[in-house]
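A.B. asks: just a sequence and a predicted model for now, questions to come.
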Amino acid sequence: MAGKKRRRKEERPRIHPKNKYSDNPPDFALLASLYPSFQPFVFYSREGRPRIDWTDFNATRELTRVLLLHDHGLHWWIPDGQLCPTVPNRSNYIHWIEDLLSSDIISGTNGNGDTVRGFDIGTGANCIYPLLGASLCGWSFVASDVTDVALEWAEKNVKNNPHISELIEIRKVKCSQNHFSAEGLNNGESICSEEGEGLPSSSSDMPASKDKSYCGPPILVDVVRDGESFDFCMCNPPFFESIEEAGLNPRTSCGGTHAEMVCPGGEKAFVTRIIEDSVVLKQSFRWYTSMVGRKVNLKFLISKLREVGVTIVKTTEFVQGQTCRWGLAWSFVPPTKKIISPHVTEKNIFSFMLEGLQRQFGAIHVLQSVESFFHTGGASCKLNASCFTVDITASTDHCNALLNNKVKELDEIASCSNVQEASSSLCFRVSVFQQIPGTLLVKGSLQHRDSPLSGLFSSIFQELEDALRQKFCREKSGANNL
C-alpha cells in the first residue's frame, strides 16, 4: 500500500538564517589557537573533531567569553555559579524579534523616533540580550533584575563595552515585603549547550506544572515607569519549580542560581504574570515576548492570550543542537490588516511520529480516528483509504469547536472597527504513512496558506497529535475513543 513508502519526517527548524553561526558554527580549534585561555578546555575525539566538556561550567563560560569577544567585539565575564548563556541560541532570539519589528503585522512606531527600545526582564549577571541587541542591531535597552550580584555584574559588563554602554540602562526591581526575596525574577535560562540543555531533553512531553499563581517581585507593572514606551520586551523565565528539577539534565553545566532558575509555578506562572501585566500596560509595548521551555505550557499560554483579547499571537522554535525551545509573542497594537488570525503560522506543513503502536492498530485505524476527530468538531471530511489521506474543510466555528471553544471570534479579538468574521474556510490534508512496524508518520498539509484562518492550523494539528497519542500510544488506551 502507499503507506509503506518511506517518507522523511519534516526537517527540524534550523538556526535563524541571520544568525552569525547559521553556516559557520564555532570552530573550537581556531578559537583555541587564538585564545590561550580557551585551549585547556578543548580536546579531540577519536575522529579528530575538537570538542569541549559541556558539563564543565568553566569550559562553557570561557567559550561564551571568547565567542563574544571574537565575533562581537564584546568584553564579558560572570562570576562562578551564575547562569552562563550560549551565544548562538541567544542570537536566535534577537533575530526573531528583529523579524517581528520589521514585519507589517502591526504599526511600526513606538514614539521613540528611529531608536528601537527593548526591555529585558531579568537580565542576569550575563546581560546577554542587551549586549547582543545593542551590538548587532543598535537597539537601546532597559535591563531589569533583583539580586545585587546580577545587577553588579550586569553593570560591569555594560561599562566594559563603552561603545554601546550608553544604549543600556540597568534597572533594579524594588521588592515589597509581600514578595518572596529575590527568587523568581531573572533569566531562568536553561539553554546551555549545543548538545543538550538545562531542561530535560523530554521537556516537551513532561506534564505541565500544577496551576500556581506567581507571587514574586514585580515583572513589568511597577518596573516600567509612567510615560515609558518600548518596542518589545523579552524574557527567559525561570523554567523550574524546584532546584532539583533544574538539575535533571546531567549532560550540561550552565550554572545558575536559585533566583535565576526557579519560581513557584515555574515558567507557566511567570509568563502568565507577564500576560497579566501586559493587559495593564497594553500598548506601552508593541510586542511582548518570552521564551517557553515546555510545549504543553505553550498551548496553555496561547489559550490565556486568547482569553485576554490580544490582537495577534506569534510563535517560533529556537533550535539549539538536538533540542528546540519556543518563542511566544503577542501584541495589543491595532493590526494593519483588516482580518487578523489569532495565531500566525510560519509553516504550511507539520508532522509527527506515532511510535510504539499496539499490534492491533495500523495506518487505517489512525486514518479513521483522524476523520472521527474532525467530524466531532463539525468539519467536512473526505477519506481516501487507498491513498491514506483525509481532506478536511473547517469553518471558523468548526475551528473553535476543535480548540475547545477557546478561540474567540475574529471580530472580537481584533480591535479594528472594520474587522468582520471571515467567511473563508481552513482547508488541509492529513496523510498517514507507515515507517517501520509499530511506527507511523502523520503529516498535515495546509492547502490555502492565505486563508485568514491559516494561523489556527498549527494549534489544531497539535490537538490532533495529542488525541492520537492518547488513543494509540499509551497503555490501556485502546478502549478510549476520540
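C.D. replies: Alright, I've got the coordinates. Residues are numbered from 1 along each chain as shown.
A.B. asks: quickly note the distance from residue 168 to residue 154.
C.D. replies: Distance, residue 168 to residue 154, by C-beta to C-beta, to the nearest Å: 9 Å. C-beta coordinates here come from the backbone N, C-alpha and C atoms, glycine included.
A.B. asks: in stretch 155-167, which residues are buried?
C.D. replies: The neighbour-count check on stretch 155-167 (16 or more other C-beta atoms under 10 Å) flags 155, 156, 157, 158, 161, 164, 167 as buried.
A.B. asks: gap between that stretch and the chain center?
C.D. replies: Between the centre of stretch 155-167 and the centre of its chain there are 28 Å (C-alpha atoms, centre = their mean, to the nearest Å).
A.B. asks: mind listing what's buried along stretch 69-83?
C.D. replies: Those buried within stretch 69-83 under the rule 16+ other C-beta under 10 Å are 70, 71, 72, 74, 76, 77, 78, 82, 83.
A.B. asks: in the protein, which spans are helices?
C.D. replies: Shown for the chain, the helices assigned by DSSP state H span residues 28-34, 57-72, 87-102, 128-137, 148-159, 243-246, 258-261, 266-281, 295-308, 363-376, 396-402, 410-413, 457-472.
A.B. asks: for residue 233, find the nearest of the ones you listed.
C.D. replies: Ranking these by distance to residue 233, with C-beta to C-beta as the measure, places helix 266-281 first at 7.7 Å.
A.B. asks: what sits against the nearest residue to residue 356 once chain neighbours are set aside?
C.D. replies: Counting by C-beta to C-beta, 6 or more residues apart in numbering, residue 473 is the residue found nearest to residue 356 once chain neighbours are left out, at 5.5 Å. With contact taken as C-beta atoms under 8 Å, 6 or more residues apart in numbering, residue 473 is in contact with 354, 355, 356, 357.
A.B. asks: and the helices of the chain as TSV, adding mean pLDDT and distance to residue 314?
C.D. replies: Formatted as TSV, the helices of the chain follow (pLDDT from 0 to 100; distance: least, C-beta to C-beta, whole Å):
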stretch	mean pLDDT	distance to residue 314
helix 28-34	96	35
helix 57-72	96	27
helix 87-102	93	7
helix 128-137	96	18
helix 148-159	96	28
helix 243-246	52	28
helix 258-261	50	26
helix 266-281	93	14
helix 295-308	90	10
helix 363-376	91	25
helix 396-402	80	18
helix 410-413	32	14
helix 457-472	86	11
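A.B. asks: so which of those helices is the most surrounded?
C.D. replies: Burial of those is given as mean neighbour count (mean count of other C-beta atoms under 10 Å); helix 258-261 ranks first at a mean of 26.
A.B. asks: picking that back up, can I have the buried ones of the contacts of residue 473 as a PyMOL selection?
C.D. replies: Burial among the contacts of residue 473 is assessed by 16+ other C-beta under 10 Å; the matching PyMOL selection reads:
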select buried, resi 354+357
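A.B. asks: residue 466: which of the contacts of residue 473 is nearest?
C.D. replies: residue 354 (11.7 Å).
A.B. asks: the closest one and residue 367, how far apart?
C.D. replies: According to C-beta to C-beta, residue 354 and residue 367 sit 12 Å apart.
A.B. asks: list residues touching both of these two?
C.D. replies: Joint contacts of residue 354 and residue 367 (C-beta under 8 Å, 6+ apart) do not exist.
A.B. asks: neighbours of residue 216, how many?
C.D. replies: By other C-beta atoms under 10 Å, 24 other residues sit near residue 216.
A.B. asks: same deal with the one 3 residues further on?
C.D. replies: When counting by other C-beta under 10 Å, one arrives at 25 neighbours for residue 219.
A.B. asks: how about the one 5 residues further on?
C.D. replies: Around residue 224 there are 22 other residues, counting by other C-beta under 10 Å.
A.B. asks: so what's it up against?
C.D. replies: 119, 230, 281, 284 are the contacts of residue 224 under C-beta under 8 Å, 6+ apart.
A.B. asks: quick one: contacts for the third one?
C.D. replies: When you say that, I think you mean residue 281. When contacts are counted by C-beta under 8 Å, 6+ apart, residue 281 is found next to 220, 221, 224.
A.B. asks: so which of those comes closest to residue 325?
C.D. replies: Nearest to residue 325 among these, with distances taken as C-beta to C-beta, is residue 220, at 21.5 Å.
A.B. asks: distance check, the residue lying closest to that closest one once chain neighbours are set aside against residue 29.
C.D. replies: Spatial nearest neighbour of residue 220, chain neighbours left out: residue 277 (3.9 Å); criterion: C-beta to C-beta, 6+ apart. As for residue 277, its distance to residue 29 is 46 Å (criterion: C-beta to C-beta).
A.B. asks: repeat that for residue 73.
C.D. replies: With distances taken as C-beta to C-beta, residue 73 is found 22 Å from residue 29.
A.B. asks: can you redo the buried residues of stretch 155-167 as TSV with distance to residue 61?
C.D. replies: Below are those laid out as TSV (distance: C-beta to C-beta, whole Å):
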residue	distance to residue 61
155	19
156	15
157	13
158	18
161	18
164	21
167	24
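A.B. asks: max pairwise distance over those: which two?
C.D. replies: The distance between the two most remote of the buried residues of stretch 155-167 (C-beta to C-beta) is 16.0 Å, for 156 and 167.
A.B. asks: pull up the distance across stretch 440-457, start to finish.
C.D. replies: Separation of the first and last residues of stretch 440-457 by C-alpha to C-alpha, to the nearest Å is 21 Å.
A.B. asks: pull the distance from that stretch to the chain's centre.
C.D. replies: Centroid separation for stretch 440-457 versus its chain: 20 Å, with C-alpha atoms, centre = their mean.
A.B. asks: which one of the buried residues of stretch 69-83 is nearest residue 438?
C.D. replies: So of the buried residues of stretch 69-83, ranked by how close each gets to residue 438 (C-beta to C-beta), first place is residue 83, at 40.9 Å.
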